[in-house]
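**Student:** Please find the sequence and the predicted model below.
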Amino acid sequence: MSHLDVIDTLQSIADGVLFGATYSLLGIGFTLVFGVMHKINLSYAAASIGAAYASLIVLSVVKAPAIFIFLLAGLSGGIIGSVIYIVCFRFIPQANPLATLMSTVGALLLIDEIIVHATVGIPVPYPALFSDVIVNAGPFTLRGDLMFMFALGCLSMLLLLGLLYRTKLGIATRAVSQQPAAAQLCGISIPRVNGLTFVITGVVGGIAGAMIGAAIGVLSPLLSLPLTTKGLIVTVIGGLGSIPGAIIAGLLVGGFENLFQYFRGVTERDLYVMLLLFAFLVFRPGGIFSPAAGRD
Amino acid sequence: MDFYLGLAQIVGVHTLLGLSAYCVLLTGQVSLAQAGFFAIGAYVAAMLTVLAGWHILPAIAAASFVAGVVACAVGFPALRVKGLMLVVATLAFGEAVRLFFFNFDYQVARGEVKIGPAGGEGFRQIRFFPEHGWSTLDVLLFIWLFVALVMAALWWMDRSRAGAVLRAVGEDEVAAQSAGINVTAVKVAAMTVGGLIAGLGGGIFAHYTAHIEHAQFGVALATFAIAYPILGGLSSVFGTLIAVIFVQGFLIEGLRFLGDWRNLLFGGLILLAMNVRPRGLIDAATIAGIKRLRIRNREPGNARTQGAE
């Protein structure tokens, strides 16, 4: 392996890790809902893409600088999140995990189809920020748009951690995820916390959707199924219900995926991500950070 | 008329796929690997008839067997985890199978042309039915013969001790284990049976569509596989059949006159169905209702015979 090969390898890992911030955000969304409700929200990645689309629509009506697109995507993500909670979870018995699994699949299909219908099936370009900035660090080049995305991802994760560990709502959320019955006895309204969790994860997902749009350059409903798969893989590798785990696993999956895209091409890339997941399931089934009181 | 025959073929094959997920769901496990087993069955059967020149019957039997063996092998490690972990593990397995066939290139020169699976282009020379002069009706009867066999076998299993054991594991694993049931063995057995049925369905699917490619076996198909039994309800095998007819016959073909709006309604109606009937279209209460109706109809007859005695 020559000197240049080493640099190319490291470069592709770095690009992948920067893009992995979006996977981290998606993983956080899956893991938070799972932690609080012990349910899977399969429509989450589709809702994130939907929020990015919604931000484009708002931006085309209201004139605003392009940086507001992330804020708008977060806001619309929160709204979509609350709608999904109402139609997929609120009125379906909690004891029946299969019913909510199916209803979120229904929501996934519905969101995808609304997007296809609204855009006549044509992928739409998404504005990228700082795409003309390229930082040269020695032999490596770092793309400005990816760096901005990574910074934004880190910022939203810090804000989320602050929300979960420094506010009353965060304490209530963590209480419900640890001991629902005890939390209820302390006067915490479980439906309210569940609903707010969906709003919070929706905001995070909306920002992730906007970041994905900005990094790839186009938005398409075809993105939602692969992103769902990636988000779930990140959740499991990170350890169910663990937010730091989801962050690290997202970056890990991003770097790993880009490394194998460099070595083996785009058609085989995901095959190696699956192998990474199987390796984790066999050797460390609890994920990177498995919660102490691990329930399924 | 051919349209309805074709629709009935689709319903038959999808019923097999749904029933394969039904077996696994009975034990309380959500498996998104069924599309993977389906794909393995499709490719194995098609390669046997096209490349090895087998008859379709041994070919689909072999396909079913291979898929069953793979399901058993996947079942052991995968069932160490449960809940969401299992969903993701099986989803990853299904995707890995799809990506394998995406990169799978095994072409044999036969005269002028090369035949066999060609990676992303798919496998396009599956002509067993036209070559042997089977009409659409013949194919339809062939498919439904297997659907009837599998449904009868599962219906019988449901009424036997095996069905009770499967449901016991599905309802409460800890209670089942303390009643002396080997939970792992039951789950792996259910997974294997699911793999056998999915492989059978896949083998038939490859022959009636005549062209298979990796994209047909993605996450969407895996989701449909578990959607049928969940929508139909897990109380009876007929729930799966009714859900397939509801989805394929009504939602997909029946609403075709709506044009683009059909796809919008599709997701919305699944949402509505789950909100209105969270335990499936045919749940335990419906079955109890049907039984009560039958008993009430029989009662006057019983009374008369008793009176004669």
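**Tutor:** Okay, I see it.
**Student:** what residues does the stretch 51-200 of chain A put near chain B?
**Tutor:** The interface of the stretch 51-200 of chain A toward chain B, taken as C-beta under 8 Å from any C-beta of the partner chain, is made up of A:87-88, A:91-93, A:96-103, A:105-114, A:116-117. To be clear about C-beta, it is placed using only N, CA and C from the backbone, and glycine gets the same treatment.
**Student:** Per-residue pLDDT of B:Pro300, please?
**Tutor:** As predicted, B:Pro300 sits at a pLDDT of 58.
**Student:** what about B:Met85, how many residues close to it?
**Tutor:** Other residues near B:Met85 number 21, with proximity taken as other C-beta atoms under 10 Å in any protein chain shown.
**Student:** Could you do A:Val236 as well?
**Tutor:** Applying other C-beta under 10 Å, I find that A:Val236 has 30 neighbouring residues.
**Student:** Spell out which residues sit in contact with residue 170, please.
**Tutor:** Picking chain A for this. A:163-164 (C-beta atoms under 8 Å, 6 or more residues apart in numbering or on different chains).
**Student:** Hmm, no, I was thinking of chain B.
**Tutor:** Contacts of B:Gly170 (C-beta under 8 Å, 6+ apart): B:25-28, B:234.
**Student:** which non-adjacent residue is nearest it?
**Tutor:** B:Gly28 (3.7 Å; C-beta to C-beta, 6 or more residues apart in numbering or on different chains).
**Student:** so the residue nearest to B:Val87 when sequence neighbours are not counted, which of the three states?
**Tutor:** Excluding the flanking residues, the one nearest B:Val87 by C-beta to C-beta, 6+ apart is B:Val30, at 5.0 Å. Local secondary structure at B:Val30 is given as coil here, using DSSP: H, G, I helix; E, B strand; the rest coil.
**Student:** Contacts only, for residue 251.
**Tutor:** All of this refers to chain A. Listed by C-beta under 8 Å, 6+ apart, the contact set of A:Leu251 reads A:17, A:20-21, A:23-24.
**Student:** Chain B is the one I meant
**Tutor:** B:Leu251 touches B:262, B:265-266, B:269, counting by C-beta under 8 Å, 6+ apart.
**Student:** now do 6 Å
**Tutor:** Contacts for B:Leu251 (C-beta atoms under 6 Å, 6 or more residues apart in numbering or on different chains) come out as B:Phe266.
**Student:** per-residue pLDDT, it?
**Tutor:** pLDDT at B:Leu251 comes out at 83.
**Student:** where's A:Asn136, which helix or strand?
**Tutor:** Using DSSP states H and E, A:Asn136 falls within strand A:134-137.
**Student:** Can you show me the CA trace of stretch A:56-73 as PDB?
**Tutor:** Only the C-alpha atoms of stretch A:56-73 are listed here, as PDB (Å, rounded to 0.1, in the frame of the first residue of the first chain):
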ATOM      1  CA  LEU A  56     -38.200  23.900   1.200                       C
ATOM      2  CA  ILE A  57     -41.900  24.800   0.700                       C
ATOM      3  CA  VAL A  58     -41.900  27.300   3.500                       C
ATOM      4  CA  LEU A  59     -38.600  28.900   2.100                       C
ATOM      5  CA  SER A  60     -40.100  29.200  -1.300                       C
ATOM      6  CA  VAL A  61     -43.000  31.200   0.100                       C
ATOM      7  CA  VAL A  62     -41.200  33.300   2.700                       C
ATOM      8  CA  LYS A  63     -38.000  35.000   1.600                       C
ATOM      9  CA  ALA A  64     -35.300  34.200   4.200                       C
ATOM     10  CA  PRO A  65     -31.600  33.500   4.200                       C
ATOM     11  CA  ALA A  66     -30.700  29.800   3.500                       C
ATOM     12  CA  ILE A  67     -29.400  29.200   7.000                       C
ATOM     13  CA  PHE A  68     -33.000  29.400   8.300                       C
ATOM     14  CA  ILE A  69     -33.800  26.200   6.400                       C
ATOM     15  CA  PHE A  70     -32.400  24.100   9.200                       C
ATOM     16  CA  LEU A  71     -34.600  25.900  11.700                       C
ATOM     17  CA  LEU A  72     -37.600  25.500   9.500                       C
ATOM     18  CA  ALA A  73     -36.900  21.800   9.000                       C
END
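**Student:** Thank you, goodbye.
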